[in-house]
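1. just coords:
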Ligand SMILES: [Zn+2]
């Protein structure tokens, strides 16, 4: 991989997983929501490719499980893959045990 010369990060998560909607959409209902993250991330990959720009993609384990080929496309385009946890829980609300589980599962 070429050295990344810019600092640009992307959260690979869907609109219904953000903290602002946590009270409106429970994680157990995520699977029933319209899944947009794959198409949206592909749009970003296209834009970054046009501009020859690399980024670090902080990817939710929940998304990676559903879209393993998306993670492969990100990697194959020369970007860096990083963990954004498994289920987008706020870190300061996690016990050490939950943090360990989230980290392990997302890896
Ligand atoms: Zn996020």
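-> Good, I have the coordinates. Just so you know, these numbers come straight off a predicted model, no measurement behind them.

2. Can you say which helix or strand has whichever residue of the chain sits closest to the ion in it?
-> Using Cβ to the ion, residue 11 is the residue of the chain that sits closest to the ion, at 3.9 Å. Just so you know, the C-beta spots here come from the backbone N, C-alpha and C atoms, and that holds for glycine as well. Using DSSP states H and E, residue 11 sits in strand 9-12.

3. need the next SSE after that strand, C-terminal direction.
-> Going down the chain from strand 9-12, the next helix or strand is helix 37-50, by DSSP H and E.

4. Please identify the buried residues of the strand holding residue 11?
-> Buried residues in strand 9-12, counted by 16 or more other Cβ atoms under 10 Å: 10-12.

5. by contact count, what packs against it?
-> Packing partners of strand 9-12 (3 or more Cβ pairs under 8 Å, 6 or more residues apart in numbering; DSSP states H and E): helix 37-50, strand 56-59.

6. if I look at residue 88, how far off is residue 47?
-> 24 Å (Cβ to Cβ, to the nearest Å).

7. ok, now residue 15?
-> Residue 15 is 18 Å from residue 47, where distance means Cβ to Cβ.

8. before we move on, the earlier item: so which of residue 88 and residue 47 has more stuff around it?
-> Using other Cβ atoms under 10 Å, the more surrounded residue of residue 88 and residue 47 is residue 88, with 21 against 10.

9. What pLDDT does the model give that one?
-> On pLDDT, residue 88 comes in at 91.

10. Double-check that it belongs to a strand.
-> No: applying DSSP: H, G, I helix; E, B strand; the rest coil, one finds residue 88 to be coil, outside a strand.

11. wait, isn't it in contact with residue 59?
-> No: if you go by Cβ atoms under 8 Å, residue 88 and residue 59 don't touch, sitting 11.0 Å apart.

12. Pull up the pairing partners for the strand holding residue 11, direction included.
-> With DSSP bridges as the test, strand 9-12 is paired with strand 56-59 (parallel).
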